[in-house]
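In: Just a sequence and a predicted model for now, questions to come.
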Amino acid sequence: MINVTIDGIKTSVHRDTSVLDAAKQCDITIPTLCHHPKLTPYGGCRLCIVEIKGINRPVTACTTPVSEGMEVTTSSPVLEKLRRTTLELILSDHPNDCMVCEKAGDCTLQELAYFYGIKENRFAGERRVYEKRDGNPLIERDMEKCILCNKCVRVCDEVQGVSAIDIAYRGFRSKVCPPYERDLDCEFCGQCIRVCPTGALTGRMWSLKGRQKDIREVDTICPYCGCGCNITLDIRKNEIVRVTSKEDTINEGWLCSKGTFGYKFLNDPARLTKPLIKYKGKFRESTWEEALGLVAKKLLKTKEKHGPDSIAGLASARCTSEENYLFQKFMRAVIKTNNVDHCARL
Amino acid sequence: MKTNKLEIMVCMGTGGIAAGGTEVLSAFESAIKKLKIPAKLKKGCSVHKVGCRGLCARDVLVDIIIKEKKSTYQYIKPDMVQRIVDEHIVGNQPVADWLATEDYHNFHEKQVKVVLSDCGNINPESIDAYFAVNGYEAAKKVLTLMSRQDVIEEIKRSGLRGRGGAGFPTGVKWEICGGVKNAQKYIICNADEGDPGAFMDRAIIEGNPHSVIEGMIIGAYAIGAGKGYVYIRAEYPLAVERLRKALEDAGKKNLLGKKILKTGFSFDIKVKLGAGAFVCGEETALIVSIEGQRGMPRAKPPFPVHSGLWGKPTVINNVETLANIPHIIRKGPDWFASFGTEKSRGTKVFALTGKVKNTGLIEVPMGISLKEIIYDIGGGMDKGRDFKAVQTGGPSGGCITADLLDINVDYESLAKVGSIVGSGGMVVLDDTDCMVSIARFFLEFTQVESCGKCVPCRIGTKRLLEILDRITAGKGKEGDIELLEELGKDIKASSLCGLGQTAPNPVLSTIKYFRPEYEAHIRDMKCPAAVCKELIEFTILEELCKGCGACVRACPANAIKGEKKKPHTLSSELCVKCGSCFDVCKFGAVKKE
Amino acid sequence: MEITSNVEKTLNRILKDFSAEEGNIISLLQLIQDEFGYIPESTVGWFSGRLDIPESRFYGIATFYARFYQKERGKNIITACCGTACHVKGADRVINAARIELGLAEGENTTDDMDFTLEQVACVGACSIAPVVIINKKVYGRQTSGRLTREIKALKK
């Protein structure tokens, strides 16, 4: 363990902890735009600068590992002034159209601008102008709002292993884009949307569906596969607006494209909400009691007439492990057959 | 070593070749071949190329040594060769008209050549020539007689500091890296000399590549590295070619590779070509570039000595630093420390350019005064103009004004006046140079070269440049100077790497010393040096114009009209303010204000 | 550029050289450029597939470094140095003259007939003979608008 003092608070943390994490453990928040706890530290936004005794210039808390006896100051007039200038610079190259921005109310940049009270900008100048494009129905890229924090690039590479995008060009012309600035063509997992601190990357499916303040969160499990990712449904007026996931879950807040974008069926008018029984070639609506009763009756009858091995069970990958466990238990203990399999094996 | 009775040395650095060195060399070769002298005597003749000897402005420079008497010719063209051979070599009567003049010798007099001692004297493409000047003796001594700690101690005692800009003590760097336990370590030679206005690293590699290789071998031994890299700019094709040849020759002589000189030490060097990014001169960016990525710096700590190339302990030294090493080992740390000042030991190579008479590469002891450099070595101001300032340290440096000319040139003194030694660029400016425009020039450079990773540098330098743009265009506002100062200071404090941390220096230092010039641009909409296009006007003075028509031919915009032998007129609407007319007019009839 | 069987042969040779050396993307791009004079998009796709390195990585690197060219360049390359020494000695004027002579608009680098490419580099390190222009790899010192224009005219013939 390493002993450090942060803003006068003495604490001891594990080796290799960053100053940023050590501060977090002391319940001290340092502003940052480019840091994500699950991604390689970047040190690009320069907001998490801190003063460390013995080092003659501010260093970024996200990239600096703690060392024994380190004394850190996370806020001072000098640091706050530098942070203000940095934010002002970011905002000088930003559309600042929060009133119509999808991300408003849930935007780290907006929050910081509010916190630092940046109304006027001393540095107004050229802004990058990019045409919006991409034909896909899922990910909206508004690169004028991009602050080049590199989180999307890192998540695509380090977590998703796809590397569909990277930063191209350099300096003021830097730009996150797919190779040769083609249209986005990737797995559409939406991880990049999840980590974007501004409105540069948003989901097309939830455009204009509601602000964060109108949203009710319901934690549940993703219905798509046996992984059982924890998801949070963002609900407004009893309709799912979007699907997110929290970082402290077994899937660490990451989701695939099905978990992120595959929720449309829930509110689809064609979705079955009651069991149907086919009678004389036609489906009719029924109740669960009747339908399950019918299944039980038919299974018993088949078993009596042809023996248990005349029945086979095929479970679904969309069920949870527990459900699949119960299903094979049911086949083996109740039906008494080993004829049980799973669609994921097919 | 001079066993040759006759030695002809033709300067063939980049400057020499540009002036026709290749042709001059072959002219000498064929002229000597045709000479009717006994074959035995011919054997004693040596005609060869040498690297840069500093005063490239006088190229092609040719040294002729007959019986140890050396004569230097300047501005030699191929068609002049035959006469030199006839009169000087055959007739033993030097061609007085073409001999280098007194100021050529003055240029060299105050210099102390350590790193450049053999540049310009030996054939850079011959390892035997390097052996002949005790080349690789230091490496031999180190590998066979000295312990790693001994080497580090010697370098520490010499007081050598990094010549790439920051001036970190080399011995200390080696000691830290040497102390890190890791089976795999690297030594990198930083030859990504990107500062506009600095070319000593190019000249050293072109003139004496083996000295750098020898320095690397010694450094590798001291820190325990088995592999080295030279990261060199692709913009230096000749340096790359000579370096590759030198590495190959050194390998053949078992000075590189496995079990060097039959000792237990193995070490090899690879060349990595840069691909055109100034920021890759920054050590962490250089490392990721060698790894094959976008050259974006990463935060320090951890420092490369602990975690560098591929996460292994790595020492990065600049070309000039490494070229000093063999000399220190050979002649001892005390000898080296006898040059320079207490904190800045040894000599430093500077690229003296701009508006002085003698532009070129110079090596001087640290602590020499700026005045001596400019007036004694540089020969004073060109065209008799007034000295205005000297810009040192390139885009990371600052300006020094006339009243500070007496200061000593060393790390501390220059830092005190807001400039830096940096990589050693020294551009002399006269009263026709606009300081706002100079600051703008450097900012434009750093802004284009910013990697874009961190906000202050990516957007901050862009904003600085925009403000300077409007000032030089006569659209500056009250408060712009203060805004430049404030933003500049914040960029310096919060940028990720050295590029951003120093990028505002040219602006801050010109404001510090030339504030009235900024104010004149903003308040009076005037450019006192008559440089900023938008603020100047060209007119033809009727009384002085002879109607020669030179300006009419020079004007790219057809803005000048007039009959022959009658005063011409210039249309201000068509004028693109390129200044061509001003340059060509022999009668001073074009007025610029 | 189309990947014909001839081109593929070349690419396979580059791949072999690349694998023999401890290569990385930068050295690979340098090899490609040495061969074709620029970096054709199709070759990047080809190597990306063979080496299992994402194309985005190639593109990021190729656009980061100034000496990688995405487009085909002219037959004659004129490189004007814009270093400090060249700048104070009037590089701008020389470049302007070349632009006018070649009929290049602001932002254009290559003539329509693909005969000339005019490029600017930071510093070629030949400051004492400023301003410097490199025409087809030959260094010319102390350039003036007039001399450069003459050189270009000679090349045009």
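Out: Right, received. Where do you want to start?
In: use CA for all of it now, contacts and neighbours both
Out: Will do.
In: what ranges do the helices span in chain A?
Out: Secondary structure of chain A (DSSP state H): helices located at A:19-25, A:77-92, A:108-115, A:151-154, A:191-195, A:257-261, A:288-306, A:321-329.
In: ok, now chain C?
Out: C:5-20, C:25-36, C:41-51, C:55-64, C:84-88, C:91-102, C:145-156.
In: For the residue in the stretch 51-200 of chain B that chain A sits nearest to, which non-adjacent residue is spatially closest?
Out: Closest approach of the stretch 51-200 of chain B to chain A (CA to the nearest CA) occurs at residue B:166, with a separation of 14.6 Å. Nearest residue to residue B:166, sequence neighbours excluded (CA to CA, 6 or more residues apart in numbering or on different chains): residue B:422, at 6.6 Å.
In: quick one: pLDDT of the one you found?
Out: For residue B:422, the model assigns a pLDDT of 85.
In: How about residue B:387?
Out: 95.
In: count of neighbours near the residue lying closest to it once chain neighbours are set aside?
Out: Sequence neighbours aside, residue B:430 is the residue nearest to residue B:387 in space, at 4.7 Å (criterion: CA to CA, 6+ apart). Counted with other CA atoms under 10 Å in any protein chain shown, the neighbours of residue B:430 add up to 22.
In: Could you tell me which residues make contact with residue B:430?
Out: By CA atoms under 8 Å, 6 or more residues apart in numbering or on different chains, the residues touching residue B:430 are B:355, B:381, B:385, B:386, B:387, B:388, B:389.
In: Among those residues, the buried ones, what's the ChimeraX command?
Out: Buried members of the contacts of residue B:430, defined by 16 or more other CA atoms under 10 Å in any protein chain shown, are picked up in ChimeraX with:
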select /B:355,381,387,388,389
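In: can you put the contacts of residue B:430 in TSV and add secondary structure?
Out: What follows is the contacts of residue B:430, written out as TSV (DSSP: H, G, I helix; E, B strand; the rest coil):
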residue	secondary structure
B:355	coil
B:381	strand
B:385	coil
B:386	coil
B:387	strand
B:388	strand
B:389	strand
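In: Who does the closest residue to chain B within the stretch 201-346 of chain A form a beta bridge with?
Out: With CA to the nearest CA as the measure, residue A:201 is the residue of the stretch 201-346 of chain A nearest to chain B, at 19.0 Å. Counting by DSSP bridges, residue A:201 is bridged to residue A:141.
In: Which parts of the stretch 201-350 of chain B are helices?
Out: Using DSSP state H, counting those that start in this stretch, the helices of the stretch 201-350 of chain B run over B:209-223, B:237-252, B:283-290, B:319-331, B:333-337.
In: Give me the contact list for the third one.
Out: In this case it means helix B:283-290. So helix B:283-290 is in contact with B:231, B:272, B:274, B:279-280, B:294-298, B:304, B:308-309, B:316, C:26, going by CA under 8 Å, 6+ apart.
In: Residue A:58: how many residues sit nearby?
Out: Counted by other CA under 10 Å, the residues lying close to residue A:58 total 22.
In: OK, contacts around it?
Out: Residue A:58 neighbours (CA under 8 Å, 6+ apart): A:49, A:50, A:51, A:52, A:79, B:493, B:494.
In: can you do 10 Å?
Out: Contact analysis of residue A:58 by CA atoms under 10 Å, 6 or more residues apart in numbering or on different chains lists A:46, A:48-52, A:73-74, A:78-79, A:82, B:493-496.
In: Which one of those is nearest to residue A:307?
Out: Each of those was scored against residue A:307 by CA to CA, and residue A:48 proved nearest at 70.1 Å.
In: From chain C, how far off is the residue in the stretch 301-450 of chain B that chain A sits nearest to?
Out: Residue nearest to chain A within the stretch 301-450 of chain B: residue B:450 (4.6 Å; CA to the nearest CA). Relative to chain C, residue B:450 is positioned 10 Å away (CA to the nearest CA, to the nearest Å).
In: count of neighbours near the closest residue to that residue other than its chain neighbours?
Out: Leaving aside its sequence neighbours, residue B:450 sits nearest to residue A:171 (CA to CA, 6+ apart; 4.6 Å). Neighbour count for residue A:171, taken as other CA under 10 Å: 23.
In: Go through chain B and flag its longest helix.
Out: Chain B, longest helix under DSSP H: helix B:505-523.
In: How about the contacts made by residue C:80?
Out: Residue C:80 makes contact with C:86, C:91-92, C:94-95, C:98, C:118-124, C:131-135, C:139-140, C:143 under the criterion CA under 10 Å, 6+ apart.
In: cool, and residue A:331?
Out: Here residue A:331 is in contact with A:308, A:311, A:312, A:313, A:314, A:337, A:338, A:339, A:340 (CA under 10 Å, 6+ apart).
In: how about a cut-off of 6 Å?
Out: Neighbour list for residue A:331: residue A:337 [criterion: CA atoms under 6 Å, 6 or more residues apart in numbering or on different chains].
In: per-residue confidence at it?
Out: Residue-level pLDDT assigned to residue A:331 equals 96.
In: gap between it and residue B:172?
Out: From residue A:331 across to residue B:172, the span is 74 Å (CA to CA, to the nearest Å).
In: How about residue B:514?
Out: According to CA to CA, residue B:514 stands 39 Å off from residue B:172.
In: How about residue C:60?
Out: As judged by CA to CA, residue C:60 and residue B:172 stand 37 Å apart.
In: Kindly report the same for residue A:333.
Out: In terms of CA to CA, residue A:333 sits 75 Å off from residue B:172.
In: Burial check on residue B:390, number of neighbours?
Out: Using other CA under 10 Å, residue B:390 is surrounded by 24 other residues.
In: Now for the closest residue in space to it that isn't next to it in sequence: which residues touch it?
Out: In this structure, residue B:390 finds its nearest non-sequential neighbour in residue B:428, 4.4 Å apart by CA to CA, 6+ apart. Residue B:428 makes contact with B:354, B:355, B:390 under the criterion CA under 6 Å, 6+ apart.
In: What residues does chain B have near chain A?
Out: B:450, B:451, B:452, B:453, B:454, B:455, B:456, B:458, B:490 (CA under 6 Å from any CA of the partner chain).
In: One more: chain C?
Out: C:55, C:56, C:59, C:60, C:63, C:64.
In: How about the last one, nearest residue that isn't a chain neighbour?
Out: Which is residue C:64. Nearest residue to residue C:64 in three dimensions, chain neighbours excluded: residue A:169, at 4.6 Å (CA to CA, 6+ apart).
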